[in-house]
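Participant: got a predicted model here, sequence first, then my questions.
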Amino acid sequence: MCSQTALAAGLIILTMIDALRELGWELKASLDVSGVVSLTVVYCPFLSIFFRPSMGCVCCSGLEGLYEPSPDTPTPQGLCALTFCGMGALYGLKCPEDVKQAVRNALGRRHLKGDGPSDKAKGLHKFKLSSKLWMANGKKTVEVRRVIMRMIEELRKVRWEVVEDVDMSRSGFLQVLILRRREGDDFEGPYRKDFVVGLHGSDDIRLLCEDEATRVFNITEAARIGIESSWRIAREGDYGGAHEFVLKGRPFGSLGANGEDSVKIRRMLVAMCAQIEKGTGYRMVHSLALSAGKATKSSLIFRHYESSREYGEVTYVGLSLNDIDDVRLMWPPWAALDETVKDTLRAAVRDGWPRGIQREREYGGAHEWKLSGRPWDAHGTETVDSRILVGRMLKGMWALGFELMPKIDCSGKLADMSLMVFRRPKEGSVPLPPTEHVLGVSMHDTDDIRLTCTDEKILDAIEGPVREALMRPTMTADPIKRFGRYGRSLQMKLKGSPFHTCTDSHNALYCGSVLLSLVDVLYQLGWVMRTALDVSRKYYADDKNQYKLDTATMYFTHARI
């Protein structure tokens, strides 16, 4: 073979491999299968060849006939979405021009090659990134957080806020950021830049704050005091422009913190949030997943509030779900817990879980309830009961005047679940009225969405509007295969396997459209989204794949607490 031919053949192969990588496939073998020429092949679920999908592609994705007819117009309730997808894809759904421009401004020429309508998923807007942001490692992870902070800042300038970050793929990376336009005077008053606290690797906390030096120093000191109240810092220093605390041991790793250390590390995070607000007036407003790696950990966005000092001392508590059957209530080491909180949660657990409480004890600085059965590893209709149980616990905390902060995912263990952090100022809290209930929307298996409520009768009232929102002509294609009751839930079985398929533009459109339609109709009915949690420990693991079996559970309240 002449040198020119060899060069041409090599360039063709490299181009093909690069194109396949862009779609989420990775090279596993180069084989001589004919005795004549060496053949590089790929693995696909439909063919016996050897490229393995790095992001869990198991079948064709998307919904036939689905497109977005009004790509630049938010939903009737003012919602649109940005989707972080695969290894380095970013899409907009129903985003008006001011949202698109905010994203362009945040990415800049360094990270954005261009943008425009998707060629493959009609109605989706594609931002073509110059690198695989969601697969960044080392100091590049700091730049990813810097970009996302700019994006949130640019969105705020045009009065758009992130409502919640919703995980919609169990086998890959598909994070849907629901955005809503804010009206009124929410953005008036002195402006200070947000900062981010990222949890990384097995032992790193990185604080990225681009503000004047004195303020950065005060924030760093507050974070240090909170961390050292419960955990030892091995060393600290600059890391790519962020201040990095390297913790003793490997508390965030795949082996993670075990036993009483699992309480200590969560207690440390609660204490850090409390101390940051106490010392600086900043509190957590967003928790985002920004990495396509398995068991990704949270990046926490903090924002300054003048009101933090107006309402006096603030009480912080944490609530974690552990193992298959534990609920743990914790608080900062320097604080005392109001016994009313214990009593309220005890009643919520007792009334909300049909199998009841097995035992109750103090454990590692937390108050623990061990439940009968396996609520966090439930199967069948008990998965419905477990989601209602979490709704009852949230209702109890809200009724006491606590505000639920964004969730924190702090562990490399697939079996671990979200840490719920609550805060309550001494004055000015707004309790959830006792007559109000909590609605849950959970995603299960590869294709199921279930609606639950602390008052089952409410499901009868919302069934009709939800059905109408998820069928033609409201949508351009019918996503629902079956609609009916499952245990104490209202279940929708979707066509295809949207939660376990290729994380590409087709599935970004499918999942995003279903999510926006569902959330929009609930907002029309007066429900307000409060959180999206990981409340299931179920996962799958073999030599090649590891992933959660259930994705997010969203919770809504009808009253504006």
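Facilitator: Great, that's in hand.

Participant: in the stretch 151-300 of the chain, which spans are helices?
Facilitator: For the stretch 151-300 of the chain, the helices defined by DSSP state H, counting those that start in this stretch occupy 213-228, 260-280.

Participant: the chain too?
Facilitator: For the chain, the helices defined by DSSP state H occupy 3-22, 97-111, 140-157, 213-228, 260-280, 339-352, 382-399, 457-469, 505-524.

Participant: can I get those in a markdown table with mean pLDDT and distance to residue 448?
Facilitator: Placement of C-beta: from N, CA and C, glycine included. Listed next are those as a markdown table, based on pLDDT from 0 to 100; distance: least, Cβ to Cβ, whole Å:
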| stretch | mean pLDDT | distance to residue 448 |
| --- | --- | --- |
| helix 3-22 | 52 | 30 |
| helix 97-111 | 98 | 31 |
| helix 140-157 | 97 | 30 |
| helix 213-228 | 97 | 39 |
| helix 260-280 | 96 | 30 |
| helix 339-352 | 96 | 21 |
| helix 382-399 | 98 | 9 |
| helix 457-469 | 97 | 14 |
| helix 505-524 | 97 | 12 |
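
Participant: quick one: which of those is nearest residue 294?
Facilitator: Relative to residue 294, the nearest member of the helices of the chain by Cβ to Cβ is helix 140-157, separated by 15.5 Å.

Participant: the nearest residue to residue 129 once chain neighbours are set aside: how many residues sit nearby?
Facilitator: Nearest residue to residue 129, sequence neighbours excluded (Cβ to Cβ, 6 or more residues apart in numbering): residue 88, at 5.1 Å. Counted by other Cβ atoms under 10 Å, the residues lying close to residue 88 total 21.

Participant: residue 88 touches residue 126, doesn't it?
Facilitator: No: using Cβ atoms under 8 Å, residue 88 and residue 126 do not qualify as a contacting pair, with a distance of 11.7 Å.

Participant: gap between residue 369 and residue 303?
Facilitator: According to Cβ to Cβ, to the nearest Å, residue 369 stands 33 Å off from residue 303.

Participant: more neighbours, the two?
Facilitator: Using other Cβ under 10 Å as the criterion, residue 369 and residue 303 rank with residue 369 on top: 21 against 16.

Participant: what's across from the more buried one in the sheet?
Facilitator: Beta bridges link residue 369 to residue 327, residue 360, judged by DSSP bridges.

Participant: for it, give its distance to residue 519.
Facilitator: 32 Å.

Participant: where do the strands of the stretch 351-500 of the chain begin and end?
Facilitator: For the stretch 351-500 of the chain, the strands defined by DSSP state E, counting those that start in this stretch cover 357-363, 366-371, 403-404, 419-425, 438-444, 448-453, 480-486, 489-494.

Participant: most tightly surrounded among these?
Facilitator: strand 438-444 (a mean of 25; mean count of other Cβ atoms under 10 Å).

Participant: distance from the chain centre to that strand, please.
Facilitator: Centroid separation between strand 438-444 and its chain, computed with Cα atoms, centre = their mean, to the nearest Å, is 14 Å.

Participant: for stretch 266-285, same thing?
Facilitator: With Cα atoms, centre = their mean, you get 20 Å for stretch 266-285.

Participant: return the set of buried residues in that stretch.
Facilitator: Residues of stretch 266-285 classed as buried by neighbour count (16 or more other Cβ atoms under 10 Å): 266-278, 280-285.

Participant: stretch 100-109 now?
Facilitator: 100, 102-107.

Participant: what sits against the residue lying closest to residue 221 once chain neighbours are set aside?
Facilitator: The shortest distance from residue 221 to any non-neighbouring residue, by Cβ to Cβ, 6+ apart, is to residue 279 (7.0 Å). By Cβ atoms under 8 Å, 6 or more residues apart in numbering, the residues touching residue 279 are 218-219, 221-222, 225.

Participant: between the two ends of stretch 546-555, what distance do you get?
Facilitator: Distance between the two ends of stretch 546-555: 27 Å, counting by Cα to Cα, to the nearest Å.

Participant: what is the mean pLDDT for it?
Facilitator: On average, the pLDDT along stretch 546-555 is 92.

Participant: neighbouring contacts of it?
Facilitator: 56, 164, 166-171, 294, 383, 387, 390-391, 394, 414, 438-445, 499, 519, 529-536, 538-540.

Participant: and it, which residues are buried?
Facilitator: Buried-residue list, stretch 546-555, by 16+ other Cβ under 10 Å: 547-555.

Participant: cool, and stretch 155-166?
Facilitator: For stretch 155-166, by 16+ other Cβ under 10 Å, it's 155-156, 160-166.

Participant: got the buried residues of stretch 100-109 as CSV, with distance to residue 93 columns?
Facilitator: Listed next are the buried residues of stretch 100-109 as CSV, based on distance: Cβ to Cβ, whole Å:
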residue, distance to residue 93
100, 11
102, 15
103, 12
104, 16
105, 19
106, 17
107, 17
